[in-house]
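Novice: please work out how this folds:
(chains A and B)
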Amino acid sequence: MKKFLLRLLLFTAIAISALALLSSLVDQGLRQSNYFGQNDWRRLYAGKIQADLIVLGNSHAEVQVNPAVLDSVLQLSSYNLGMSGCQLDLNIARYHTYLRHNKVPRFLIVILDHFFLNHTSVNYNRGAFLPHLNDPDIGPALYGIGEPGHHRYLPFLKYSRQPGLIGTGLSEWPGRTDISGDTGYNGFRPNLTEPDEFRNEHWGSNRIREEIRPLEFYKFVCLLQEAREQGTRCIVVVPPVRSPVTRLFEHREQYWALMKQTAHNNGALFLNYTDMPLCDSQQYFYTISHLNKKGADLFTEKLAGDLREISIRPATQR
Amino acid sequence: MIFNSLAYAVFLPVFFLLYWLVAGRSYRAQNMLIVVASYIFYGWWDWRFVSLLVFSSALDYGVGLLLAREQTAGRKKALLLGSCALSLGILAVFKYYDFFAISLAAAASRIGIHLSLPVLRLILPVGISFYTFHSLSYIIDIWRGKTQPTRDVVAYFAFVSFFPLLVAGPIVRSSQLLPQMLHPRSFSITAARDALRQMLWGFFKKMVIADNCAFYVNELFKDPQHHSSADLVLGAFYFTVQIYCDFSGYSDIAAGTARLLGFSLPRNFACPYFSKDIREFWRRWHISLSSWFRDYVFIPLGGSREGRWRTVRNILVTFLLSGLWHGANLTFVLWGLAHALLYLLLPATGEHNRRFPALLSGLLTFALVNLTWVLFRAPDATTAFNYFGHLFSALPDFAHARFLSKSLLLLILFLFGAEWLGRGYPHVFQSSFLRWPVPLRWSTYLLLVLLIYVYGGKEQTFIYFQF
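Specialist: Residues are numbered from 1 along each chain as shown, chains lettered A, B, ... in the order given. Predicted coordinates:
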């Protein structure tokens, strides 16, 4: 029995070591790849962002706020840390990771749509986060939204049933110097769809009730307070969406009023762009709620213009 | 609790250590531990049905003792029939009542009679078909005088509730397992190592092959009319592989677990897809169930000794009951009927007909079995016939098949290759594989573990849990 148990332990130890090694190789390979914004993660961890202005948010940030336009108008360096499918929870985690490796920004733009505070991240790209599961900020955020806790103890289990991801990680592991293929500029990943290739999302005609999860609201307030304590000027921005969609939200006026009050109470500014003229024109959108590149540039220009005005006259708010 | 879960990965090692290191000196203590662990194992799914298991065990334990004490043939038969009626009655209520109530109401409405029978919508207790047949075989064998009842209540409860077999078999006779419960077991390193190999192979079949086939099968059987003929052919093939790997994988894990504890179980699958005819298929597929029906249904009805038409009748009844055993659905009845007809058509194929080469008859048998599995898998008869209709509507064009997965087909090829090489043995790793050098063997085990990690499909329950 003793001999059997010892051999079993030996096999288990070898298996665990092999899986741990494989997990490490895949992690490294993915971090070195262009897989879903790993370029941004690399710069973040290497402390190569060091931006004056950071943008947070979900897809409404990632595809709609162009740092190049912000830089040109505001004459500072900006970076878009927005990620599709990621709500407040993962954005905060990533922002904290950013702060551990980069300087505190002077400005923080939080793109706030109607879903940012009403549920946790459910549609995020899990594969993009797995290589960073051991990060002290990212890991707890992921475990908090459903990543099984035992993944932190059992090696390689996080990659189980992901043969494509494993293949990508292993093929990239030897290292790459060529980062072409990443269409992003400072985190901005615009959609280049032409206006006549509009993709209809079916929102129906039923009214949508805004919901705010208390925990997410609390995290939002903490973020604003933290930014204030660090000397970062926080700007809460409601992005443009197509007018028919805006009208579906039943309590939008009250929702925006609450957000504006919350921002103001915590030393942040509040800007609402849902009544921009481009909201009435399909040619600036590639879906009913997302701007294409043309629309994104127009929106960012407007936003940058307003920020420039505010930075000269800080008491002014829309 | 299912085998392919983290809970079982913790449960088994803890139980194993307690079984050999704490209770190892006394087989009675080990039996008690088996009972406790088995009820925890079963109750993990739904603790309410543990009472049903306890009741069923207690009933047949008591009836067994009464049968041995009773001298009068008439009273013995009454005890037997009473026990069978109660056991099968419980099974019938949980499993078949709604099916028959709805079918009866539908049939009556066709002839203008309005029948309003209540539908119970009871949850089917996992494994009820298996442990009911376990205890039925015990009672019937006592009545026939083939076995003596045991007075050791713990050993009997351990026999009925033995957790490796509890939820999906194999259906082990009391004569096979009960004597092992009543004698001390000794730990054997050779047996334990072989058990782990068998379990590893079982996990590979279930988690890599079966669960990945399930992904395509579930899509194809949802609405077969929207898929091409080629995809439907692939769907039938994938399900053929899925059900074999799912069930034989379970049996391998069960047998391996039992061997870790010092028990030896009969083989339940003997490479059935290499059969050259349907009769051989039924000697190799789910051996424990087919032999149960042979010994307790077919032979008591007269078997094949009372003339041609009685033999036909007995075969039909046996296969129909076997189909019905799998579930309360017309598709299972049709599946049983299909196999009965194929069984009766034996002279047209197989080893008794030398005009057919073995390879051809083997392929024909495999193709026929593939087709009958469509009936087994379809949620209802309409879907099954839709499936057949579209499958035969055109020549399959595999070049444009959406569900052709090269990686899965490669794994299936590896599976069949390994099973072919190990066909003369209870499992693949007992073959000439044992003569490979240790580093190569360990690398193979590591590779299988890695494949389970990488390709292990989304956690699916075992198909036979629903029976």
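
Novice: any regions of the chain where pLDDT drops low?
Specialist: As the question left the chain open, I've gone with chain A. Flagging of chain A using pLDDT under 70 yields the residue ranges A:175-184, A:193-209, A:312-318.

Novice: oops, chain B please
Specialist: With pLDDT under 70 as the threshold, chain B has low-confidence stretches at B:346-356, B:457-462, B:464-467.

Novice: residues of the stretch 51-200 of chain A that sit close to chain B?
Specialist: Residues of the stretch 51-200 of chain A lying close to chain B by CB under 8 Å from any CB of the partner chain are A:H150, A:F156, A:L157, A:Y159, A:S160, A:R161, A:Q162, A:P163, A:I166. (C-beta placed from N, C-alpha, C; glycine too.)

Novice: so how many other residues sit close to the residue nearest to the fourth one when sequence neighbours are not counted?
Specialist: Distance criterion CB to CB, 6 or more residues apart in numbering or on different chains; nearest residue to A:Y159, sequence neighbours excluded, is A:I166 at 5.3 Å. Applying the criterion other CB atoms under 10 Å in any protein chain shown, we find 22 residues in the vicinity of A:I166.

Novice: one more: A:I16?
Specialist: Residues near A:I16, counting by other CB under 10 Å, number 13.

Novice: just B:F49 next, same as before
Specialist: Using other CB under 10 Å: B:F49 sits among 18 other residues.

Novice: are any of the residues of the stretch 51-200 of chain A next to chain B buried, and which?
Specialist: Among these, those scoring as buried are A:F156, A:L157, A:Y159, A:S160, A:R161, A:Q162, A:I166 (criterion: 16 or more other CB atoms under 10 Å in any protein chain shown).

Novice: out of those residues, which are inside helices?
Specialist: A:I166 (DSSP state H).

Novice: quick one on the thing from earlier: check the residues of the stretch 51-200 of chain A next to chain B and tell me the two furthest apart.
Specialist: For these, the farthest-apart pair by CB to CB is A:H150 and A:P163; their separation is 20.7 Å.

Novice: show me where the stretch 201-318 of chain A has strands.
Specialist: A:233-238, A:269-272, A:285-287, A:290-291 (DSSP state E, counting those that start in this stretch).

Novice: the ones you listed: which one's closest to B:A340?
Specialist: The minimum distance between B:A340 and the strands of the stretch 201-318 of chain A falls on strand A:285-287, with 56.9 Å, by CB to CB.

Novice: show me what whichever helix in chain A runs longest is packed against.
Specialist: Of all the segments of type helix in chain A, defined by DSSP H, the longest one is helix A:2-32. Helices and strands touching helix A:2-32, by 3 or more CB pairs under 8 Å, 6 or more residues apart in numbering or on different chains; DSSP states H and E, are helix A:38-45, helix A:163-172, helix B:189-203, helix B:438-455.

Novice: same thing but at 10 Å, please
Specialist: For helix A:2-32, the elements it packs on are helix A:38-45, helix A:163-172, helix B:6-17, helix B:189-203, helix B:438-455, judged by 3 or more CB pairs under 10 Å, 6 or more residues apart in numbering or on different chains; DSSP states H and E.

Novice: A:G231: how many residues sit nearby?
Specialist: 9.

Novice: close enough to count as contact, it and A:V104?
Specialist: Yes - A:G231 lies in contact with A:V104 (CB atoms under 10 Å); the separation is 6.8 Å.

Novice: CA-only coordinates of stretch B:190-200 in CSV, if you can.
Specialist: The C-alpha atoms that make up stretch B:190-200 are tabulated as CSV, following Å, rounded to 0.1, in the frame of the first residue of the first chain:
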residue,chain,number,x,y,z
THR,B,190,-1.1,-4.9,-9.2
ALA,B,191,-4.9,-4.7,-9.1
ALA,B,192,-4.9,-1.1,-7.8
ARG,B,193,-2.5,0.1,-10.6
ASP,B,194,-4.6,-1.7,-13.2
ALA,B,195,-7.7,-0.1,-11.7
LEU,B,196,-6.3,3.3,-12.1
ARG,B,197,-5.4,2.7,-15.7
GLN,B,198,-8.9,1.4,-16.4
MET,B,199,-10.4,4.5,-14.7
LEU,B,200,-8.1,6.8,-16.8
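
Novice: run the chain-centre distance for it.
Specialist: Between the centre of stretch B:190-200 and the centre of its chain there are 21 Å (CA atoms, centre = their mean, to the nearest Å).

Novice: got the buried residues for the longest helix of chain A?
Specialist: A:4, A:15, A:18-19, A:22-23, A:25-32.

Novice: stretch B:290-302 too?
Specialist: B:S290, B:S291, B:W292, B:F293, B:D295, B:Y296, B:V297, B:F298.

Novice: now the residues you listed as JSON lines including distance to A:V63 and secondary structure?
Specialist: Below are the buried residues of stretch B:290-302 laid out as JSON lines (distance: CB to CB, whole Å; DSSP: H, G, I helix; E, B strand; the rest coil):
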{"residue": "B:S290", "distance to A:V63": "61", "secondary structure": "helix"}
{"residue": "B:S291", "distance to A:V63": "64", "secondary structure": "helix"}
{"residue": "B:W292", "distance to A:V63": "63", "secondary structure": "helix"}
{"residue": "B:F293", "distance to A:V63": "63", "secondary structure": "helix"}
{"residue": "B:D295", "distance to A:V63": "69", "secondary structure": "helix"}
{"residue": "B:Y296", "distance to A:V63": "68", "secondary structure": "helix"}
{"residue": "B:V297", "distance to A:V63": "67", "secondary structure": "helix"}
{"residue": "B:F298", "distance to A:V63": "68", "secondary structure": "helix"}
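
Novice: of those residues, closest to chain A?
Specialist: Among those, B:S291 lies closest to chain A (CB to the nearest CB), at 33.0 Å.

Novice: so what's the closest one up against?
Specialist: By CB atoms under 10 Å, 6 or more residues apart in numbering or on different chains, the contact set of B:S291 is B:P170, B:I171, B:R173, B:P266, B:N268, B:W282, B:R283, B:F298.

Novice: let me see the ranges of the helices in the stretch 251-400 of chain B.
Specialist: In the stretch 251-400 of chain B, the segments counted as helices under DSSP state H, counting those that start in this stretch are B:278-284, B:287-293, B:299-301, B:308-326, B:330-344, B:358-377, B:381-391.

Novice: sorry, back to before: looking at the buried ones among the residues of the stretch 51-200 of chain A next to chain B, which is nearest A:E253?
Specialist: Ranked by distance to A:E253 (CB to CB), those are led by A:Q162 at 44.1 Å.
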